[in-house]
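Asks: Need coordinates for the below:
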Amino acid sequence: MDATSRFLLPGGIFLLTLASGLWLSHSGRPLSTGLITLHKLIALGSVVTLGIQFGRLMKIATPTLAVAMLAIAAVSALALFATGALLSQPKPAALLVLRIHQIAPLLLVVSAVASLVLFQR
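Replies: Numbers count the residues shown, from 1 in each chain. Coordinates of the predicted model:
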């Protein structure tokens, strides 16, 4: 199995995370506890499966720039979990928190894909 096909499952789960996040954001306030829980569990599953796959790649080779890209992806994932927790509070969070939560997924995808490309070389 090549490295790219190993990332189909984490990618699919990530798309489910985005879909559930959009559903959650359009559901209005107060936020549904069930939807929040579903979104958080899907996001956690995405991060865990992504981490497992990159862990397997790192046993083979560890290009320095790829590891740097993985660090950016990890910081983005942490930012998503932190801002998600702030956004799920009853009191609306600051606009900056929302913007970080909207931009971090893009940064996560770009850095993870860049890392995968670097591992392939």
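
Asks: Quick one: residues contacting the most centrally placed residue in the chain.
Replies: Nearest to the mean C-alpha position of the chain, by C-alpha atoms, centre = their mean, lies A77 at 5.0 Å. Shown in contact with A77 (C-beta atoms under 8 Å, 6 or more residues apart in numbering): V47, A104, L108. From N, CA and C alone the C-beta is placed, and that goes for glycine too.

Asks: and the residue nearest to R6 when sequence neighbours are not counted, how many neighbours?
Replies: Of all residues not flanking R6 in the chain, Q53 sits nearest, at 4.9 Å (C-beta to C-beta, 6 or more residues apart in numbering). Neighbours of Q53 under the rule other C-beta atoms under 10 Å: 19.

Asks: unless I'm mixing things up, Q53 is touching G11, no?
Replies: No. Taking contacts as C-beta atoms under 8 Å, Q53 lies outside contact range of G11: 9.9 Å.

Asks: Give me the distance between the closest residue in space to L18 that isn't next to it in sequence and S27.
Replies: Spatial nearest neighbour of L18, excluding adjacent residues (C-beta to C-beta, 6+ apart): P105 at 6.6 Å. Distance, P105 to S27, using C-beta to C-beta, to the nearest Å: 19 Å.

Asks: Over to L80?
Replies: Separation of L80 from S27 (C-beta to C-beta): 19 Å.

Asks: Compare the two and say which is more crowded by neighbours.
Replies: L80 (23 against 12).

Asks: Within the helices and strands, which one has that one?
Replies: helix 64-87 (DSSP states H and E).

Asks: And the next helix or strand past that helix?
Replies: Going down the chain from helix 64-87, the next helix or strand is helix 95-120, by DSSP H and E.

Asks: Which strands or helices does that following helix pack on?
Replies: Under the contact criterion of 3 or more C-beta pairs under 8 Å, 6 or more residues apart in numbering; DSSP states H and E, helix 95-120 touches helix 3-6, helix 8-26, helix 33-60, helix 64-87.

Asks: what's around L98, how many residues?
Replies: L98 has 15 neighbours, counted by other C-beta under 10 Å.
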